[in-house]
Structures are given as C-alpha cells and as structure tokens.
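Q: curious how this folds, go ahead:
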Amino acid sequence: MEGADSAEERIVSDAHDYLDRIWDCDELPKPERDWIRKYWEGLFAWLLFRPEILKDWAGVDVLNGKIQRFVEGQETWEDAPDIKSEYKRLCHLVNFVISRDGKLREIIKHYGRED
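A: Numbering: from 1, shown residues only. Got it, this is the predicted structure:
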C-alpha cells in the first residue's frame with residue numbers, strides 16, 4: 001500500500017475489524033458480553049467529558065471550535081465552528097443516556113467522572 005489514501009483506507013478497515021471484535025463478541029456468555037459493551041460505553045462517555053484530552057490526544061478543541069491539522073509538517077489549528085454546537089448536543093444526549101442507565105453511571109463513577 002502506498003500513499004495517504006491507501007493508508008487511511010487500511011486504518012479505517014482495521015478500526016472496523018477491531019470494533020467488530022468488541023461489539024460482536026457473541027462467543028462470550030451474555031453477562032460478560034453486556035459488561036464489556038457497557039464498559040466501552042462508559043469509556044467513551046468519560047472521554048467525551050474530558051475536552052482537554054480530546055484536544056491533546058485527538059486534536060479536536062471542542063470548546064473553541066478548532067481542529068488540529070498538520071500540513072507539510074507544520075501544525076495549524078483550523079476553525080471548525082460547528083464543533084462547539086455538535087459537542088454541546090452530544091454532551092446533552094450522553095447526559096440523558098447516563099441519567100437513565102444505572103450501570104453506565106456506576107461505571108463512569110468508578111472510573112472517575114468529575115462533575
């Protein structure tokens with residue numbers, strides 16, 4: 001494989017295979033499978049409420065509406081104004097789900113949600 005497009009296709013394919021293994025772990029007994037899925041849901045919810053991690057690790061500044069890019073080896077932060085409203089909408093949705101899901105609340109609390 002050569003080129004950025006081929007590399008991106010490979011990464012997307014590998015990520016899809018990885019997620020299939022997490023979510024389609026049908027060989028496990030149902031209680032274990034449900035726990036694994038709930039754990040991952042908790043991780044993603046926890047990460048959502050850590051904008052500093054999203055900025056430092058993923059290069060997405062959800063509070064200021066910017067996306068980190070590297071163009072010809074130079075770092076730049078591009079404006080992406082829709083990110084702020086989408087982030088707010090997603091936080092609202094996840095808070096709603098958390099309010100209705102006791103197991104998810106326990107997992108997030110156990111792993112350190114601080115709000």
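
Q: tally up the residues packed near K38, please.
A: 15 (other C-beta atoms under 10 Å). Just so you know, the C-beta spots here come from the backbone N, C-alpha and C atoms, and that holds for glycine as well.

Q: quick check, it in contact with R105.
A: No. With contact defined as C-beta atoms under 8 Å, K38 does not count as touching R105 (10.6 Å).

Q: how about the strands in this protein?
A: With strands called from DSSP state E, the chain shows them at 60-61, 66-71, 74-79.

Q: quick one, which of those strands is nearest to L43?
A: Evaluated with C-beta to C-beta, the strands of the chain place strand 60-61 nearest to L43, the distance being 16.9 Å.

Q: list the neighbouring strands of the closest one plus their orientation.
A: strand 66-71 (antiparallel) (DSSP bridges).

Q: buried ones in the partner strand?
A: In terms of neighbour count (16 or more other C-beta atoms under 10 Å), strand 66-71 has its buried residues at K66.
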